[in-house]
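Participant: Could you look at this predicted model? Sequence included:
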Amino acid sequence: MTTAIEQTLETYGIENWGAGYFDVNRKGNLIVRPAEGDSRSADLKEIVDDLARRGIGAPILLRFPQLVAAQVRKLQRAFSRSIREFEYQGAHMCVYPMKVNQQRALVEEYLREGSRYDFGLEAGSKAELYAAMALEQTPDSLLVLNGFKDEEFIELAFASARCGKKVVIVIEKLSELDHVLNIVERQEGGSIPIVSQFRDILGVETLLLGLARSDCRAHSPNENFPLENLEFGLKMNKAILRELGANHR
């Protein structure tokens with residue numbers, strides 16, 4: 001029997017993809033465990049046979065949300081160990097790329113377990129952004145926006161921020177920056193008191209662009225600001241002023 005099981009394991013290469021969750025039992029059937037090294041298991045053949053007796057035939061989709069939760073915990077433990085080992089002063093801000101798998105059951109299970117660690121989402125299209133807007137995230141988790149961004153996409157990003165999402169727009173082209181500036185000029189104001197004073201006293205609108213990272217500890221002990229962010233800010237301001245100057249000639 002042992003030889004037959006070993007042959008089954010070798011034939012299907014379970015050691016290459018099972019990741020400690022899938023294995024073959026003494027009956028020669030595929031089993032699944034809720035976590036690596038867990039003594040509990042479910043016999044998949046017995047599950048399928050039971051469904052067949054109830055009149056449920058193939059194809060059958062079986063979901064194991066415990067595996068998603070276990071992988072989220074494993075990822076968080078790995079980063080936590082590295083942060084302690086290398087005395088990193090920042091935080092691990094994980095985001096799940098929705099392009100990998102947009103299945104609602106999977107994404108919601110990831111967020112359910114990931115909410116303990118402020119895990120967020122990454123959307124690379126308007127369809128993914130619409131889906132992300134409908135999903136509940138913790139206040140400190142990120143919604144990172146990548147990919148092609150037209151003005152409608154940027155408007156959705158601002159709408160997400162108004163809904164309480166912590167939005168990070170990755171600006172990859174100056175045309176995307178133009179969309180941001182156009183929307184700001186049309187409808188966005190600032191929430192910092194000095195902004196209204198600039199408008200009342202100087203008669204000009206103010207564009208606020210945050211350059212601090214999530215690990216800069218703003219307004220808290222050990223507040224910091226990397227010099228490379230300052231350099232990036234100077235370059236960005238130069239690019240914005242150049243674009244504004246070109247548009248008003």
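Facilitator: Structure received. Model, not experiment: these values are computed from the prediction.
Participant: Look up the pLDDT of Phe158 for me, please.
Facilitator: Phe158 is assigned 89 on the pLDDT scale.
Participant: Under the pLDDT cut-off, which ranges of the protein? List them.
Facilitator: Applying pLDDT under 70 to the chain flags residues 1-2, 185-197, 210, 213-221, 247-249.
Participant: Recalculate using a threshold of 80.
Facilitator: 1-4, 182-225, 244-249 (pLDDT under 80).
Participant: just how off-centre is stretch 109-125 within its chain?
Facilitator: Its chain's C-alpha centre and that of stretch 109-125 lie 5 Å apart, by C-alpha atoms, centre = their mean, to the nearest Å.
Participant: the strands in the chain, which residues?
Facilitator: Applying DSSP state E to the chain gives strands spanning 22-24, 30-32, 42-43, 95-97, 120-123, 142-145, 166-169.
Participant: Sheet-wise, list the partners of the third one with their directions.
Facilitator: According to DSSP bridges, strand 42-43 has the following sheet partners: strand 30-32 (antiparallel).
Participant: For the partner strand, give me every contacting residue.
Facilitator: 14, 21-25, 41-45, 64, 67 (C-beta atoms under 8 Å, 6 or more residues apart in numbering). For every residue, glycine as well, the C-beta is placed using N, CA and C.
Participant: now with 6 Å?
Facilitator: Outside of strand 30-32, the residues within contact range by C-beta atoms under 6 Å, 6 or more residues apart in numbering are 21-23, 25, 41-44, 64.
Participant: picking up where we left off before, can you tell me which of the strands of the chain is most buried?
Facilitator: When the strands of the chain are scored by mean count of other C-beta atoms under 10 Å, the highest mean neighbour count falls to strand 120-123 (a mean of 25).
Participant: Packing partners of it?
Facilitator: Under the contact definition 3 or more C-beta pairs under 6 Å, 6 or more residues apart in numbering; DSSP states H and E, strand 120-123 sits against strand 95-97, helix 126-133, strand 142-145.
Participant: who's in contact with the last one?
Facilitator: Among residues not part of strand 142-145, those counted as contacts by C-beta under 6 Å, 6+ apart are 93, 95, 120-123, 132, 157, 165-169.
Participant: neighbouring strands for that strand, and are they parallel or not?
Facilitator: strand 120-123 (parallel), strand 166-169 (parallel).
Participant: could those go into TSV alongside distance to Glu113?
Facilitator: Listed next are the strands paired with strand 142-145 as TSV, based on distance: least, C-beta to C-beta, whole Å:
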stretch	distance to Glu113
strand 120-123	13
strand 166-169	19
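Participant: so which of those comes closest to Glu136?
Facilitator: Closest of the strands paired with strand 142-145 to Glu136 is strand 120-123, at 10.8 Å (criterion: C-beta to C-beta).
Participant: Export that closest one to PDB, keeping only CA atoms.
Facilitator: Extracted C-alpha coordinates of strand 120-123, given in PDB (Å, rounded to 0.1, in the frame of the first residue of the first chain):
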ATOM      1  CA  GLY A 120      -5.500  46.100   1.300                       C
ATOM      2  CA  LEU A 121      -6.200  45.800  -2.400                       C
ATOM      3  CA  GLU A 122      -4.600  46.800  -5.700                       C
ATOM      4  CA  ALA A 123      -6.800  47.600  -8.700                       C
END
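Participant: Could you measure from Leu51 over to Leu44?
Facilitator: Noted for Leu51: a distance of 11 Å to Leu44, by C-beta to C-beta, to the nearest Å.
Participant: quick one, which of these two is more surrounded?
Facilitator: A direct count of neighbours by other C-beta atoms under 10 Å for Leu51 and Leu44 places Leu44 higher, at 17 against 14.
Participant: Which residue, other than its chain neighbours, is closest to that one?
Facilitator: Setting aside the residues directly before and after it, Leu44 is nearest to Leu30 in space (C-beta to C-beta, 6 or more residues apart in numbering), at 4.7 Å.
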